[in-house]
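> sequence? don't have it. structure:
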């Protein structure tokens, strides 16, 4: 009897020590937010693979993941939250905010507030001139140069010695003046000049440029970026909660740190997938979405760049198909795969961790895409 009790006690202690096993697939619930939902099993999705993903998150193989959502053919088919998160959490998606800024630029152009992507940036800020390091090439910088991370500013967040590195901007009071004052970059012999680069643009990741793009929208709309976002984008999508950051002088931060609920992030992806439409309503012009999700620069060997949107191909899916993405520090992503009519959201708090981006892309490649593979 005592041996049996000891065995039972040991078994209970062992069970308590083991990680929680993920529950079987459950379809998303209908909420009053405009998302139609679907049961992935009805479309013959491999829900066992989704269960396996949940087990990997539960046992810590994937760290810091807070949500994974999948919409296919315009319906939310998978939605799970992890590590204490829930559907109402506002996720800090860091630089994925840049892609929202690109949408807002399109909305401003649609309304005639900005003449187009070729608009000269410095013309919006006469009060900030004269600027340091005057150069005719600075005055020629266009909004498109900022949206494609290919302006001639000496600005590179991946180079700690760069004059325009974002960390240098954050410790100043006037972020806008900081950016407009940047010098023209030089091209060392080992660097590829714009004329010799794919698409004629030399890419360098520059958060200051995305911030200035947002500031252009503010100036053109004559209202805070957060208010313009609400009026021109979020309200039409049924997004009633969001959080935008601002610079020390109150200019909206179009370069990062915006917070959205996961289901609302999926709406932004769906808007891109549907060429600017949400539930049959044209929110952003199709012409702008097509321009935004077109390759304008080569960012890396494994990635191209549109207007503040990444474009991955084989490294993500294993086959040659474009995967457009809003991407931010911590492994926060909204993936848009037109060829599969699919949007996937991965939110994560693995900020500044080297594994953050690879694990989110692995979740898409090895679990989401295989679970929702074409039949």
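Looks like it came in fine. Being a predicted model, the structure only gives us computed values, none of them experimental.
> can you pull out the strands in this structure?
Secondary structure of the chain (DSSP state E): strands located at 65-72, 75-81, 91-92, 259-260, 277-278, 281-282, 297-300, 303-305, 310-312, 323-328, 332-337, 342-348.
> domains of this structure?
20-87+261-278+296-375, 90-260 (automatic domain parsing).
> okay but residue 53 is in contact with residue 68, surely?
Yes. Counting by CB atoms under 8 Å, residue 68 is a contact partner of residue 53 at 6.9 Å. Quick note: C-beta positions are derived from backbone N, CA and C, even for glycine.
> between those two, what contacts are shared?
By CB atoms under 8 Å, 6 or more residues apart in numbering, residue 53 and residue 68 have these common neighbours: 363, 368.
> Any idea which of the strands of the chain gets closest to residue 154?
strand 297-300 (17.2 Å; CB to CB).
> Tell me the buried residues in that closest one?
If you call a residue buried by 16 or more other CB atoms under 10 Å, then strand 297-300 has these buried ones: 297-299.
> if we can go back for a sec, what's the closest of the strands of the chain to residue 141?
strand 297-300 (14.7 Å).
> elements contacting the closest one?
Applying 3 or more CB pairs under 8 Å, 6 or more residues apart in numbering; DSSP states H and E, we find strand 297-300 packed against strand 303-305.
> I'd like the mean pLDDT over the strand it packs on, please.
Averaging pLDDT along strand 303-305 yields 97.
> Tell me where the stretch 251-375 of the chain is predicted with low confidence.
Applying pLDDT under 70 to the stretch 251-375 of the chain flags residues 315.
> what's the distance between the nearest residue to residue 363 once chain neighbours are set aside and residue 325?
In space, and not counting its chain neighbours, residue 363 is closest to residue 346: 5.6 Å by CB to CB, 6 or more residues apart in numbering. According to CB to CB, to the nearest Å, residue 346 and residue 325 sit 10 Å apart.
> between those two, what contacts are shared?
333, 335.
> residue boundaries of the helices in the stretch 51-200 of the chain?
97-110, 136-139, 143-147, 166-170, 175-180 (DSSP state H, counting those that start in this stretch).
> can you redo those helices as a markdown table with distance to residue 351 and mean pLDDT?
Below are these laid out as a markdown table (distance: least, CB to CB, whole Å; pLDDT from 0 to 100):
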| stretch | distance to residue 351 | mean pLDDT |
| --- | --- | --- |
| helix 97-110 | 14 | 98 |
| helix 136-139 | 33 | 98 |
| helix 143-147 | 25 | 98 |
| helix 166-170 | 14 | 98 |
| helix 175-180 | 21 | 98 |
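> pretty sure the residue nearest to residue 363 is touching residue 65, no?
Yes. Assessed by CB under 8 Å, residue 346 is found in contact with residue 65 at 6.8 Å.
> Overlap of the contact sets of those two?
331, 360, 363.
> how about the helices of the stretch 51-200 of the chain, which one is nearest residue 116?
Here helix 97-110 is closest among the helices of the stretch 51-200 of the chain (CB to CB), at 5.9 Å.
> The closest one to strand 323-328, inter-axis angle?
110 degrees (axes from the mean of the first three to the mean of the last three CA atoms, to 10 degrees).
> which secondary structure elements does helix 97-110 contact?
Helix 97-110 packs on helix 143-147, helix 207-221, helix 225-229, helix 262-273, helix 286-292, strand 323-328, going by 3+ CB pairs under 8 Å, 6+ apart.
> what's in contact with the third one?
Applying CB under 8 Å, 6+ apart, the external contacts of helix 225-229 come out as 100-101, 104, 107-108, 214-215, 217-218, 221, 242, 244, 246, 251-254.
> if you set the cut-off to 10 Å instead, what comes out?
With contact meaning CB atoms under 10 Å, 6 or more residues apart in numbering, helix 225-229 is reached by 100-101, 103-104, 107-108, 111, 113, 211, 214-218, 220-223, 234-235, 239, 242-246, 251-254, 258.
> Please spell out the PyMOL selection for the buried subset of the residues you listed.
Buried subset of the contacts of helix 225-229, written as a PyMOL selection, criterion 16+ other CB under 10 Å:
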select buried, resi 100+101+103+104+107+108+113+211+214+215+216+217+218+220+221+223+234+239+242+244+245+246+251+252+253+254+258
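> Okay, and the beta partners of residue 65?
residue 348 (DSSP bridges).
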